[in-house]
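1. Give the three-dimensional model of this entry:
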Amino acid sequence: MADGECKPVTVSRRIEAPASVIFQLLADPARHPAFDGSGMLRPGAPAAVIADVGDVFVMKMQNESLGHYEMENHVVEYE
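-> Sure thing, here's the model as predicted:
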């Protein structure tokens, strides 16, 4: 690996909960900062629960090199 390259990190775990319960958590952008592993997501961006393709939600972010910023996310697939 060259200097400055990041090595991908992969983690897996079994969550003892029905898929419908897990999906409800993932479909609610307001909950994302609670389980963000990067530490970059910040609470406070208004967002409705994701319900279908075409939905858009904003996430507040913070990063050492970029500072505070917002990411607009467009749902392109929903199952």
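2. going forward, measure contacts and count neighbours with C-alpha atoms only.
-> Fine.
3. Mind listing what's buried along stretch 57-71?
-> Across stretch 57-71, burial judged by 16 or more other Cα atoms under 10 Å covers 57, 58, 59, 60, 61.
4. Tell me which helix or strand comes right after the helix or strand of the chain with the lowest mean pLDDT.
-> Least confident helix or strand of the chain, by mean pLDDT, DSSP states H and E, is helix 32-35 with a mean of 86. Toward the C-terminus, helix 32-35 is succeeded by strand 41-42 as the next helix or strand (DSSP states H and E).
5. give the contact list for the most centrally placed residue in the chain.
-> By Cα atoms, centre = their mean, the chain has its centre lying nearest to residue 32, at 5.2 Å. Neighbouring residues of residue 32 by Cα atoms under 8 Å, 6 or more residues apart in numbering: 25, 26, 41.
6. Specify which member of those is nearest to residue 7.
-> Taking Cα to Cα as the measure, residue 7 lies nearest residue 41 of the contacts of residue 32, at 20.9 Å.
7. Against residue 55, how distant is the nearest residue to residue 28 once chain neighbours are set aside?
-> Nearest non-adjacent residue to residue 28, counting by Cα to Cα, 6 or more residues apart in numbering: residue 49, 4.5 Å away. Counting by Cα to Cα, to the nearest Å, the gap from residue 49 to residue 55 is 9 Å.
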